[in-house]
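Engineer: A structural model of the following input is requested.
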Amino acid sequence: MGKRSIRSSRQDRLDSILECLIADEGASAQSLAARFDVSLMTMHRDLDELQSRGIVRKFRGGVSVQRTSTYEIAAPLRRLVAVPQKRAIAAAAATLVSPGQAVLLDDSTTAASMLDHVLGIEDLHIVTNYLPVLNRIAGAGTAGTTAIGGTYVPGHESFLGVGAVAAIRAVRVDTAFVSTTTADANGTYHQEESIVAVKTEMIRSARRRVLLADSAKLGATSLHLVCGWESIDDLITDTGAPAELLDTIRDRGVRVTAVTPENGAGTSDEETLPAAPLDRSPTHDEQEDA
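Structural biologist: Residues are numbered from 1 along each chain as shown. Have a look, this model is predicted:
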């Protein structure tokens, strides 16, 4: 009983440390130790544990949880960032899903939030490489599932690598819902090459490609280009996104929807968000085929 309580107490502290680091980028091990009333040695052990999980990075004089052009923050931390925006974006994205469809959800926390809205849709089949999504679908038992295998990466809580790429190449879905870390007028980007390979195949596997990106991700670049806007049919973001950039993306032929974080309402390039492939305008690929 005592050991279980100690483990629970430490995990609660680790979660609280992450919340503090998000709120205060300048927090140090010393300030955190004082805040949580533990020794400096204990705080360093806690930060070492978070670093071993791929959630934070320690460096001389401090600790970082911020993504950079070459480093993506881990999934447990991403779940704590831009939560209202992600929920509103997910709710809007869910309106694009219809009964009987096969959809792909990548390993983003935004796409995972769509499960709150789509698990009750009849005859829905979900393809994903994200373990939390697989676990939730298994628990609900209301949707068909194809699990994308590969090498499990704890920091992303997902399956990646050549095995995942090969598995994605073997499927075709109606719609792929993907996210990425940054996007600008020229396209979408990610810091990690292994992620780029998986997301590229996800985009190729779908008739319709929907990018889910909160406004904090727009207007910047990362190390690797994932794709240009010609490979994306829809962008769903929030109303905090730069209006000039959204206009440029529209000029690239992308349907743009900006939702309001408070309630999920927003502005769209269409009067209503289409619910099925037959109700939409042609995608980039279909326009080229024509």
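Engineer: okay, now the unreliable bits of the stretch 1-150 of the chain?
Structural biologist: Residues of the stretch 1-150 of the chain meeting the criterion pLDDT under 70: 1-8, 54-55, 61, 65-77, 79-80.
Engineer: now with 50, please.
Structural biologist: Applying pLDDT under 50 to the stretch 1-150 of the chain flags residues 1-7.
Engineer: where does the residue nearest to Q101 when sequence neighbours are not counted land in three-state SS?
Structural biologist: With CB to CB, 6 or more residues apart in numbering as the criterion, Q101 has its nearest non-adjacent residue at 4.4 Å, and that residue is D174. Placement of C-beta: from N, CA and C, glycine included. Following DSSP: H, G, I helix; E, B strand; the rest coil, the label given to D174 is strand.
Engineer: okay, D174: pLDDT?
Structural biologist: According to the prediction, D174 has pLDDT 98.
Engineer: what of the one 4 residues further on?
Structural biologist: pLDDT recorded at V178 is 97.
Engineer: am I right that it is in a strand?
Structural biologist: Yes: membership of V178 in a strand is supported by three-state DSSP.
Engineer: burial check on it, number of neighbours?
Structural biologist: Counted with other CB atoms under 10 Å, the neighbours of V178 add up to 26.
Engineer: hey, what's it bridged with?
Structural biologist: In this entry, V178 is beta-bridged to L211, by DSSP bridges.
Engineer: list the contacts of it.
Structural biologist: Shown in contact with V178 (CB atoms under 8 Å, 6 or more residues apart in numbering): L104, D106, S108, A111, K199, M202, I203, R209, V210, L211, L212.
Engineer: over to L225?
Structural biologist: L225 touches N186, G187, T188, Y189, V196, counting by CB under 8 Å, 6+ apart.
Engineer: ok, now with 10 Å
Structural biologist: N186, G187, T188, Y189, H190, V196, T200 (CB atoms under 10 Å, 6 or more residues apart in numbering).
Engineer: of those, grab the buried ones for PyMOL.
Structural biologist: Selection of buried members from the contacts of L225 for PyMOL, criterion 16 or more other CB atoms under 10 Å:
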select buried, resi 187+188+189+190+196+200
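Engineer: ok, the contacts of L225 vs L160, which is closest?
Structural biologist: Nearest to L160 among the contacts of L225 is V196, at 10.4 Å by CB to CB.
Engineer: element containing that closest one?
Structural biologist: helix 193-204 (DSSP states H and E).
Engineer: angle of that helix against strand 173-179?
Structural biologist: Relative orientation of helix 193-204 and strand 173-179, computed by axes from the mean of the first three to the mean of the last three CA atoms, to 10 degrees: 150 degrees.
Engineer: now, which of the contacts of L225 lie within strands?
Structural biologist: Using DSSP state E, the subset of the contacts of L225 located in strands is G187, T188, Y189, H190.
Engineer: just those now: which is nearest Q85?
Structural biologist: Distances from Q85 to the ones in strands among the contacts of L225, taken by CB to CB, are shortest for T188, at 17.1 Å.
Engineer: residue contacts, the closest one?
Structural biologist: Contact partners of T188, counting by CB under 10 Å, 6+ apart, are 178-182, 196, 199, 203, 211, 213, 217-218, 221-222, 224-229, 231-232, 235.
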